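A.B. asks: Could you work out the structure for the sequence below:
(one chain, ligands or ions: 3)
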Amino acid sequence: MIKKTPRLRLTQKERNMMRAAARFNASVMDHIRPLVKAGTRTVEIDEAVHQFTTGHGHVPACLNYAGDSMPFPRSCCISANEVVCHGIPGSYDLKDGDIVNVDLTTIVDGWHGDQSETFLIGSPSPEAIRLTQCAFDSLYLAIDAIGPGCRVSVIGDTIVPYVKKNFGFGVVDKYVGHGIGMLFHQRPNIPHVPTQQSRRDRLEPGMSFTIEPMVNLGTHRTRIDSRDGWTVRTADGKLSAQFEHTILMTEDGPEILTLTQDGPQKGHRFA
Ligand code: MF3
Ligand code: CO
Ligand code: CO
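C.D. replies: Ligands and ions are numbered 1, 2, ... in the order given. Okay, the predicted model is just below:
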């Protein structure tokens, strides 16, 4: 799905454009955060994302984003429980015990910021909380493991042993992080498991990309909903959790561009 080949190492001016886009995207997450609770219909969150984003003169990148088949119909992805990613906001009412990922992407002056968080609604099961913690810690372990010029495979080589040995959970390999800039999805692919290509690709200073591990309670395998063409669910119907940040690799190391004011910070404990 990654077709075009932009110049990947950004100038200082371009880095500042990415910083601004990501900072705005993070402010959208803070804006909708209070809505993500039991009783909220997921489309209400989508409407809030759309209003806030367009109200500030920016563009929700997901709306009409062209996939392999149909354009994505909403302004963000909301993926509850067994939905791994690309859930379409709709008539589902969040309920106590759910875990739900909200994935936001905004285009600000041509540049993209992309991030997601899994929210605990009320009191989910101990295993749901453990899964969410595992996905969150996987993201930060990977961020701490990368440095200027490192191989992309450092990410998979960090996440997979951590998740397998400590939890026995599945790491999704079908959906990956990605280079990001003036394009939503660009080179390089950022898989969360090591691959041949990721052992060749490097994270050079000036590159912006996402890390967005999806961790499943059971099998890592997934299925796309054949009716809507977007919703990705676990093949076994068990829970899935994900966190995502947009990152800029600098000469001094990774800079997380999508940090929020009110969200879980590095080291956060969900229970
Ligand atoms: N935000 C997702 C990502 O992290 C992509 C969503 S594409 C959409 O890459 F069309 F489903 F919105
Ligand atoms: Co995203
Ligand atoms: Co992404």
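
A.B. asks: What's the separation between M207 and L8?
C.D. replies: The gap separating M207 from L8 is 5 Å, by Cβ to Cβ, to the nearest Å. From N, CA and C alone the C-beta is placed, and that goes for glycine too.

A.B. asks: Quick check: residues of this structure near ligand 2?
C.D. replies: Taking Cβ under 5 Å from the ion as the measure of proximity, the chain contacts ligand 2 at D103, D114, S116, E244.

A.B. asks: now the last one, nearest residue through space, not along the chain?
C.D. replies: Distances taken as Cβ to Cβ, 6 or more residues apart in numbering put E212 closest to E244, at 3.4 Å, once the chain neighbours are dropped.

A.B. asks: hang on, that neighbour packs against I247?
C.D. replies: No - with the criterion set as Cβ atoms under 8 Å, E212 and I247 do not qualify as a contacting pair; they are 10.3 Å apart.

A.B. asks: Give the bridge partners for the most centrally placed residue in the chain, please.
C.D. replies: By Cα atoms, centre = their mean, the chain has its centre lying nearest to E244, at 3.2 Å. With DSSP bridges applied, the residues forming beta bridges to E244 are S116.

A.B. asks: how about the closest residue in space to I121 that isn't next to it in sequence, what does it touch?
C.D. replies: With Cβ to Cβ, 6+ apart as the measure, D98 is the residue that lies nearest to I121, at 4.2 Å, once sequence neighbours are left out. If a contact means Cβ atoms under 8 Å, 6 or more residues apart in numbering, then D98 has A38, A80, N81, I121, G122, P124 as its contacts.

A.B. asks: Identify, from those, the entry nearest to ligand 1.
C.D. replies: Ligand 1 lies nearest to A80 out of these, by Cβ to the nearest ligand atom, at 14.9 Å.

A.B. asks: okay, now the closest residue to D109 other than its chain neighbours: neighbour count?
C.D. replies: Nearest non-adjacent residue to D109, counting by Cβ to Cβ, 6+ apart: M17, 6.3 Å away. Here the count is done by other Cβ atoms under 10 Å, and M17 has 19 residues near it.

A.B. asks: quick one: M17 from P205, how far?
C.D. replies: Summarising the geometry, the distance separating M17 from P205, computed by Cβ to Cβ, is 16 Å.

A.B. asks: Stretch 130-137 and ligand 1, are they touching?
C.D. replies: No - for stretch 130-137, no contact with ligand 1 is found by Cβ under 6 Å from any ligand atom; the gap never falls below 13.5 Å.

A.B. asks: no, scratch that, I was asking about stretch 108-119
C.D. replies: Yes - Stretch 108-119 comes into contact with ligand 1 (Cβ under 6 Å from any ligand atom), by way of D114.

A.B. asks: host element of the residue of the stretch 151-271 of the chain found nearest ligand 3?
C.D. replies: Closest approach of the stretch 151-271 of the chain to ligand 3 (Cβ to the ion) occurs at T210, with a separation of 4.1 Å. Applying DSSP states H and E as the criterion places T210 in strand 208-211.

A.B. asks: Quick one: residues contacting S208.
C.D. replies: Taking Cβ under 8 Å, 6+ apart, one finds L10, R15, M18, G179, I180, G181, T246, I247, L248, M249, L257 in contact with S208.

A.B. asks: 10 Å - rerun?
C.D. replies: Counting by Cβ atoms under 10 Å, 6 or more residues apart in numbering, S208 touches 8-10, 14-15, 17-19, 21-22, 111-114, 179-181, 186, 246-249, 255, 257.

A.B. asks: swap in W111?
C.D. replies: Neighbour list for W111: 10, 14-22, 24, 180-183, 208, 246 [criterion: Cβ under 10 Å, 6+ apart].

A.B. asks: No further queries at this time; thank you.
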